[in-house]
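Q: below are the sequence and a predicted model for it; my questions follow.
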Amino acid sequence: GARPLSTGTAPAAAARTLVFSDEFDGTSVSTARWAARDQERSGAAGTDRWWYKPAVVRTNGDGALALDVKQLAAGQYAGGRIDSQGKFDYAYGTLEASVHTPAVTNGHLAAVWLQADAGLTPGGAVDGTARDGAEMDITETAYQADKYAVTLHYDGYGADHKSSSQIVNAPGLHSTWYHTFGLSWTPTQLQFLYDGTVVRTVTDPQLISQVKEFPILSHEVLDDWADGSVHDETFDWHSTMYVDYIRVWQ
């Protein structure tokens with residue numbers, strides 16, 4: 001939890017106020033900042049089942065959050081998720097997370113994302129934009145190649161769901177430890193960053209959330225979407241997502 005800021009976001013952050021952070025230096029995950037989820041995430045296809053489970057959420061004793069993936073039983077798997085819903089949310093600012101992505105993706109993905117505090121369709125309204133809330137995926141590392149997805153989801157997850165996605169080439173993503181993923185969010189622009197370099201810019205006002213959102217760190221089995229198969233996973237430290245820190249400035 002003590003590594004420096006990436007050079008790409010540090011200058012902007014230095015002029016602002018740190019409003020939320022976790023260096024994960026404690027012996028357990030802070031319940032003042034985070035809740036660990038217990039939720040089934042199984043897809044509609046296939047017979048396997050998978051969940052978020054608090055049992056696979058831990059700190060590693062060396063200043064990092066560790067989100068494991070584990071086999072619970074034959075055909076049953078678990079990954080981990082923590083989020084700050086009801087504890088911290090914000091609108092506009094700069095977020096940076098230092099993350100180690102597992103070297104090989106076998107049916108699971110590591111992610112840093114934001115979710116609208118009131119959901120994607122507050123009051124049940126579908127307005128055709130992300131302005132009333134979006135899922136903002138800063139990174140989803142669902143690929144075995146050195147690339148990841150940056151995606152905006154809005155208007156719910158049903159028949160009205162809409163999204164805007166870009167695949168980012170990410171040199172060294174799987175072969176070297178710890179890369180920074182960032183989001184600079186203003187009312188008129190989103191800038192997504194990888195190791196301090198802007199990799200996607202959004203200026204379409206219909207795609208920019210104008211409401212408070214909360215951070216999420218997750219590592220989940222999604223064997224019907226992520227590259228590879230969880231059946232080939234070793235379930236050791238090679239398959240763990242590590243987060244050195246997450247910081248938010250305004």
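A: Here it is on my side, so go on.

Q: when you work out contacts or count neighbours from here on, use the C-alpha atoms and nothing else.
A: OK.

Q: report the residue spans of the protein with pLDDT below the cut-off.
A: Applying pLDDT under 70 to the chain flags the ranges 1-14, 43-46.

Q: what sits against the spatially most central residue of the chain?
A: Using C-alpha atoms, centre = their mean, the residue of the chain that lies closest to the mean C-alpha position is residue 112, 1.5 Å off. In this structure, residue 112 makes contact with 97, 137, 138, 139, 140, 181, 215, 216, 217, 218, judged by C-alpha atoms under 8 Å, 6 or more residues apart in numbering.

Q: any idea which helix or strand carries the residue lying closest to residue 194 once chain neighbours are set aside?
A: Leaving out its chain neighbours, the residue that sits closest to residue 194 by C-alpha to C-alpha, 6 or more residues apart in numbering is residue 181, at 4.9 Å. Under the criterion of DSSP states H and E, residue 181 resides in strand 179-186.

Q: contacts for that strand?
A: If you take C-alpha under 8 Å, 6+ apart as the criterion, strand 179-186 is touched by 6, 9, 91-100, 112, 138-139, 173, 190-196.

Q: now, those that are in helices?
A: Assignment to helices by DSSP state H places none of the contacts of strand 179-186 there.

Q: so which of the contacts of residue 112 sit within strands?
A: 97, 137, 138, 139, 140, 181, 215, 216, 217, 218 (DSSP state E).

Q: separation between the second one and residue 167?
A: Taking C-alpha to C-alpha, to the nearest Å as the measure, residue 137 and residue 167 are separated by 11 Å.

Q: please identify which of the two sits among more neighbours.
A: For residue 137 versus residue 167, neighbours defined as other C-alpha atoms under 10 Å are more numerous around residue 137 (20 against 15).

Q: beta partners for the more buried one?
A: For residue 137, the beta-bridge partners are residue 113, residue 151 (DSSP bridges).

Q: wait, it sits on residue 111?
A: Yes - with contact defined as C-alpha atoms under 8 Å, residue 137 reaches residue 111; the gap is 7.3 Å.

Q: from the ones in strands among the contacts of residue 112, list just the buried residues.
A: Neighbour counting with 16 or more other C-alpha atoms under 10 Å marks 97, 137, 138, 139, 140, 181, 215, 216, 217, 218 as buried within those.

Q: let me see the contact set for the closest residue to residue 238 other than its chain neighbours.
A: Nearest-residue entry for residue 238: residue 102, 5.9 Å, with adjacent residues in sequence omitted and distances by C-alpha to C-alpha, 6+ apart. Taking C-alpha under 8 Å, 6+ apart, we find residue 102 in contact with 110, 174, 238, 239, 240, 241.

Q: and residue 231, helix, strand or coil?
A: Look at residue 231: counting by DSSP: H, G, I helix; E, B strand; the rest coil, its state is helix.

Q: related to what we said a few turns ago, distance of the residue nearest to residue 194 from residue 25?
A: Separation of residue 181 from residue 25 (C-alpha to C-alpha) stands at 20 Å.

Q: equivalent analysis for residue 92, please.
A: With distances defined as C-alpha to C-alpha, the gap from residue 92 to residue 25 amounts to 27 Å.

Q: repeat for residue 31
A: The spacing between residue 31 and residue 25, counted by C-alpha to C-alpha, is 14 Å.

Q: tell me which of the two has more neighbours.
A: For residue 31 against residue 25, the residue with the higher neighbour count under other C-alpha under 10 Å is residue 25, and the figures read 19 against 11.

Q: quick one on the thing from earlier: tell me the bridge partners for the residue nearest to residue 194.
A: According to DSSP bridges, the partner residues bridging residue 181 are residue 97, residue 194.

Q: which stretch of helix or strand covers the closest residue to residue 247 other than its chain neighbours?
A: Residue nearest to residue 247 in three dimensions, not counting chain neighbours: residue 21, with 4.2 Å by C-alpha to C-alpha, 6+ apart. Counting by DSSP H and E, the secondary-structure element that holds residue 21 is strand 18-22.
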